[in-house]
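need coordinates for the below:
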Amino acid sequence: MRKDSSFFAKQLKKIMFEKGLTQNELAKLAKTQQQRISGWLNGVRNPSYNSIKKLADAVKVSVNYFIDDGKKNEQTNTSSSIMQFVNDKIKIIDTENNLLKKEIELLKEKNKNYENNLKRLEEKIKRVETTRLRS
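Numbering: from 1, shown residues only. Below is the predicted model:
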């Protein structure tokens, strides 16, 4: 099957299944030959825009249903990649944020210990000074 017709063929098979149509029934509705329908389904032939329009009208869908210009998938893939990148960055930032919070808690604890040690030293100095003054 030719790559450029594969999307069209998939969509044609899908709509035929959904509508319960055979190749002959679809050919009659679209006013074309069953052999053309077969060729399109097998990727042997590529339909003209006019044929796609007839098919779309026959099964009551837009022409866009059958056309894939590749940009839609490309945009979807790009959007998915960007979203994945953003989500990964958010996870990294959240992890860094949590680590920073823990570091702040540790620094607060160290500061508390430092203040307690400083207090003890100040008290000790006062005792020593008081003792010197008494002597």
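
burial of Ser40, as a residue count?
You called it Ser, but residue 40 is Trp. Around Trp40 there are 24 other residues, counting by other CB atoms under 10 Å. From N, CA and C alone the C-beta is placed, and that goes for glycine too.

check contacts around it.
Applying CB atoms under 8 Å, 6 or more residues apart in numbering to Trp40 gives the contacts 5, 8-9, 12, 46-47, 51.

what about the spatially closest residue to Phe8 that is not a sequence neighbour, neighbour count?
What sits nearest to Phe8 in space, not counting adjacent residues and going by CB to CB, 6 or more residues apart in numbering, is Phe66, at 5.4 Å. Using other CB under 10 Å, the number of residues around Phe66 comes to 23.

tell me the SS of the spatially most central residue of the chain?
The chain has Ser80 as the residue nearest its centroid, 3.1 Å off, counting by CA atoms, centre = their mean. Counting by DSSP: H, G, I helix; E, B strand; the rest coil, the backbone at Ser80 sits in helix.

how close does it sit to Gln34?
40 Å (CB to CB, to the nearest Å).

can you check Lys13 too?
Counting by CB to CB, the separation of Lys13 from Gln34 is 15 Å.

do the same with Ile90
Counting by CB to CB, the gap from Ile90 to Gln34 is 55 Å.

between these two, who's got more neighbours?
Legend: neighbour count by other CB under 10 Å for Ile90 and Gln34, higher for Gln34 (14 against 10).

is it true that the more buried one touches Glu25?
No. Under the criterion of CB atoms under 8 Å, Gln34 makes no contact with Glu25, lying 9.3 Å away.

low-confidence ranges in the chain?
For the chain, applying pLDDT under 70 flags the ranges 1-5, 68-79, 135.

domain ranges for it?
Structurally, the chain divides into domains by automatic domain parsing as follows: 3-65, 71-135.
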